[in-house]
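**Student:** Predicted model follows, preceded by the sequence.
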Amino acid sequence: MTKEPPAPCTDRATTDTCGRPCVLRGIAIVAVFSLLGMTTVSARTSHSGRLSRKTSDGEHDVRNVIGYATSPDGVNGTQQRDSTTVHVPGTPAEAQPSAAQMGPGRRVIAADDSTRTLAAVGADGRIEWKMPCRQIHDLQLLPDGHLLYQDGWTRIIELDATRKPVWQYDAKENGNASRPVEVHAFQRLPDGSTMIVESGPARIIEVDRTGTIMREIPLTVDSASAHSDTRNARKTPAGTYLVAHENDGVVREYDVTGKVVWDFDVPLFDTPRKAGHGPEAFGDQVYSAERLPNGNTLVGTGNGHSVIEVTPDREIAWKLGQNDLPGITLAWVTQVRRLPSGNTLLVNCHAGPGNPQIIEVTPEKKVVWTFKDFNTFGNSLPVALVLDP
């Protein structure tokens, strides 16, 4: 069927994970693997006013990841305009369990815009630490134990193992001072540069540690929106860029010149669009895409309430639908990841307190692990990194 553009929400009092003004309060949550191992860090201010750092590598086990965990040569970034080190307050572990898990206990780091909180939850469900955090749609754990996150739509920050910022980037730089821009995806690359995806300017940039642009890739956007041009994006091992275009409802793969070399139009499955962000809504506002080792692409369909595995020929090889899991309803499916076991991890955003926020399922759609914490976080958990203890 022919797609119609997604209907905008009309209540401008709040915004949600899709970035549109809506009745539900906008929540950006990141669940991230906790940091295992300490990293020795010394921070200084460079001549450009940016923080630089020296580290000694720490070791950590990153196995099950929702969102993004870098490979041993990966990195990530954040933004902040100060020219001095900024201490981000944290809190000690809390005595009473906050989270409920079904299955083996795992460590999770999550951020929620509704509670303005970034926190680490231990395998026993207790809060290990927490700190203030604004809007966030991406987050990465680096090989040295550092955490790359965002604090607001334009601010990208790298925290060391003690949660102090050691690098930062402001997306209002590099020609964006007088035009709308938001960031919903970033990735530390093998050469130490950071990929940043800009909605509004509709481009991918790769910047070095000083924030200087090393490469710029233009993006194709049919329905332009400074908030919704893009959601998550990743640079693939082949050197291409896999981008989820939320407003267009399309996943596009680009080469280094900006040429679209592959795309997938997220289907509506003959279902009419319905406004909202909970289980009752419906659309094709895609949130994430991951290239699998077999060449297929795993897609988190956003308000399509599903996970889809797509072949290079755009055939659907596997699908997890809204009501495929007994006792669980999927709502805004954000980040997704295929594990080495063949299981799939997904984040279930805006589904309400009766449903888990993170889920692991087998290829046969059997639930083997869930995570739920509506004490520390709220009803919008779009990004998650999960660690085995």
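**Tutor:** Arrived safely, thanks for sending.
**Student:** the helices in the stretch 201-350 of the chain, which residues?
**Tutor:** With DSSP state H, counting those that start in this stretch as the criterion, the stretch 201-350 of the chain has no helices.
**Student:** again, but for the stretch 51-200 of the chain
**Tutor:** Under DSSP H, counting those that start in this stretch, the stretch 51-200 of the chain gives no helices.
**Student:** what stretches of it score poorly on pLDDT?
**Tutor:** Along the stretch 51-200 of the chain, segments meeting pLDDT under 70 span 51-95.
**Student:** Just the strands from it, written as ranges.
**Tutor:** 51-56, 68-69, 100-102, 107-112, 117-121, 127-132, 139-141, 147-150, 155-159, 165-170, 182-188, 194-199 (DSSP state E, counting those that start in this stretch).
**Student:** Give the partner strands of the fifth one in its sheet and their orientations.
**Tutor:** Neighbouring strands of strand 117-121 in its sheet, by DSSP bridges, are strand 107-112 (antiparallel), strand 127-132 (antiparallel).
**Student:** Ok, the last one next?
**Tutor:** Counting by DSSP bridges, the strands paired with strand 194-199 are strand 182-188 (antiparallel), strand 203-207 (antiparallel).
**Student:** and those strands, which is most packed in?
**Tutor:** Comparing the strands paired with strand 194-199 by mean neighbour count (mean count of other CB atoms under 10 Å), strand 182-188 ranks first with a mean of 25. Yep, even glycine has a C-beta here, placed from its N, CA and C like the rest.
**Student:** Please compute how far that one lies from its chain's middle.
**Tutor:** 8 Å (CA atoms, centre = their mean, to the nearest Å).
**Student:** Ok, stretch 125-145 next?
**Tutor:** Counting by CA atoms, centre = their mean, stretch 125-145 comes out at 11 Å from the chain centroid.
**Student:** Could the C-alpha coordinates of that stretch be exported in CSV?
**Tutor:** Taking C-alpha atoms only, stretch 125-145 is exported to CSV below (Å, rounded to 0.1, in the frame of the first residue of the first chain):
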residue,chain,number,x,y,z
GLY,A,125,18.8,-5.1,40.7
ARG,A,126,20.4,-2.5,42.9
ILE,A,127,21.4,0.9,41.7
GLU,A,128,25.2,1.1,41.5
TRP,A,129,25.4,4.8,40.6
LYS,A,130,23.2,7.5,39.0
MET,A,131,23.7,11.0,37.6
PRO,A,132,21.6,13.7,35.9
CYS,A,133,21.1,13.3,32.1
ARG,A,134,18.9,15.1,29.6
GLN,A,135,17.7,13.8,26.2
ILE,A,136,19.6,10.8,24.8
HIS,A,137,19.1,8.5,21.9
ASP,A,138,22.5,6.7,21.7
LEU,A,139,25.2,5.4,24.0
GLN,A,140,28.3,3.4,23.7
LEU,A,141,30.7,1.5,26.0
LEU,A,142,34.3,1.9,24.9
PRO,A,143,37.0,-0.8,25.1
ASP,A,144,38.8,1.2,27.8
GLY,A,145,35.7,1.3,30.0
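**Student:** If we go by neighbour counts, what in it is buried?
**Tutor:** 125, 127-131, 133, 135-145 (16 or more other CB atoms under 10 Å).
**Student:** Same check on stretch 170-177?
**Tutor:** Buried residues in stretch 170-177 (16+ other CB under 10 Å): 170-174, 176.
**Student:** do stretch 381-389 as well
**Tutor:** Buried, per 16+ other CB under 10 Å, within stretch 381-389: 381-387.
**Student:** Mind picking the two most distant members of the residues you listed?
**Tutor:** The most widely separated members of the buried residues of stretch 381-389, counting by CB to CB, are 382 and 387 (18.4 Å).
**Student:** Redo the buried residues of stretch 170-177 as JSON lines? Include distance to residue 185.
**Tutor:** JSON lines is the format used below for the buried residues of stretch 170-177 (distance: CB to CB, whole Å):
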{"residue": "170", "distance to residue 185": "16"}
{"residue": "171", "distance to residue 185": "11"}
{"residue": "172", "distance to residue 185": "17"}
{"residue": "173", "distance to residue 185": "17"}
{"residue": "174", "distance to residue 185": "16"}
{"residue": "176", "distance to residue 185": "16"}
